[in-house]
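Trainee: missing the sequence, but the structure's below:
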């Protein structure tokens, strides 16, 4: 079964606006990661947040984690057309050993 | 720096034909290695992972198999392809016990006709 589920499935915004994507998961985790995938390419790691962290920043990215609600959000501020991609959350479930479980992703389109 | 290679980039194969996809990693030793499949518009499905030479764990029963003949080489194979094997195949590596970042290759797009 899918551990992480992103919401919304697709998001379309204008350049300069902020984009927020959410991820919900089912079991206890060690960490949660966000990845980006440009069409037809491999995934690129964006940010990792550990289960004992609540918020993390990297450039224009802000990730929050609420383990009580088993959810995370990814905020991209001041979006650019180059941010157009699919964004996936991935969870390292407690006891899973070596494996990440990916959600189905959010397709973000940033219109110039 | 570490790099990960996959080939071929694209492949069109008839049903019933064999398959061999290769993945190699440079610049690191004893990585954890992973094969994923991504159907169109879907998330990633973990197919196999390996924590060392000759050590393969299968996640999904299917007609695919994986091998790790060398430390930094991971091969995905099939003796007879099915239509349902079409998809985007991604190889990835990680270190640090596998709980940290995974680094992905560029992928192989497979179309089975």
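Mentor: That came in fine, so what should we check first? A quick note: this is a predicted structure, and the numbers were derived from the prediction, not measured.
Trainee: now the strands for the chain?
Mentor: No chain specified, so I'll use chain A. A:5-7, A:10-14, A:19-24, A:29-37, A:43-50, A:55-58, A:61-66, A:71-76, A:85-93, A:101-102, A:106-111 (DSSP state E).
Trainee: not quite, go with chain B.
Mentor: Along chain B, counting by DSSP E, strands occupy B:3-7, B:10-13, B:19-26, B:32-38, B:44-52, B:55-58, B:64-70, B:73-78, B:87-94, B:103-104, B:108-112.
Trainee: distance to chain A, mean pLDDT and mean neighbour count for the ones you listed - can I get that in a markdown table?
Mentor: C-betas here are computed from N, CA, C, even on glycine. Listed next are the strands of chain B as a markdown table, based on distance: least, C-beta to the nearest C-beta, whole Å; pLDDT from 0 to 100; neighbours: other C-beta atoms under 10 Å in any protein chain shown:
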| stretch | distance to chain A | mean pLDDT | mean neighbour count |
| --- | --- | --- | --- |
| strand B:3-7 | 8 | 95 | 16 |
| strand B:10-13 | 10 | 97 | 14 |
| strand B:19-26 | 11 | 97 | 18 |
| strand B:32-38 | 5 | 94 | 24 |
| strand B:44-52 | 4 | 92 | 20 |
| strand B:55-58 | 8 | 90 | 14 |
| strand B:64-70 | 14 | 95 | 16 |
| strand B:73-78 | 14 | 97 | 20 |
| strand B:87-94 | 6 | 96 | 23 |
| strand B:103-104 | 4 | 95 | 22 |
| strand B:108-112 | 7 | 96 | 18 |
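Trainee: one step back: can I get the strands of chain A in a markdown table with mean neighbour count?
Mentor: Below are the strands of chain A laid out as a markdown table (neighbours: other C-beta atoms under 10 Å in any protein chain shown):
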| stretch | mean neighbour count |
| --- | --- |
| strand A:5-7 | 19 |
| strand A:10-14 | 14 |
| strand A:19-24 | 20 |
| strand A:29-37 | 23 |
| strand A:43-50 | 18 |
| strand A:55-58 | 12 |
| strand A:61-66 | 18 |
| strand A:71-76 | 20 |
| strand A:85-93 | 24 |
| strand A:101-102 | 24 |
| strand A:106-111 | 18 |
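Trainee: spit out the contact partners of residue 12.
Mentor: Unless you meant another one, I'm taking chain A. Under the criterion of C-beta atoms under 8 Å, 6 or more residues apart in numbering or on different chains, the neighbours of residue A:12 are A:108, A:109, A:111.
Trainee: sorry, I should have been clearer: chain B.
Mentor: By C-beta under 8 Å, 6+ apart, the neighbours of residue B:12 are B:110, B:111, B:113.
Trainee: just checking: what are the partner strands of the helix or strand bottoming out on mean pLDDT in chain A?
Mentor: Across the helices and strands of chain A, mean pLDDT, DSSP states H and E gives its lowest value to strand A:5-7, namely a mean of 83. Strand A:5-7 pairs in its sheet with strand A:19-24 (antiparallel), by DSSP bridges.
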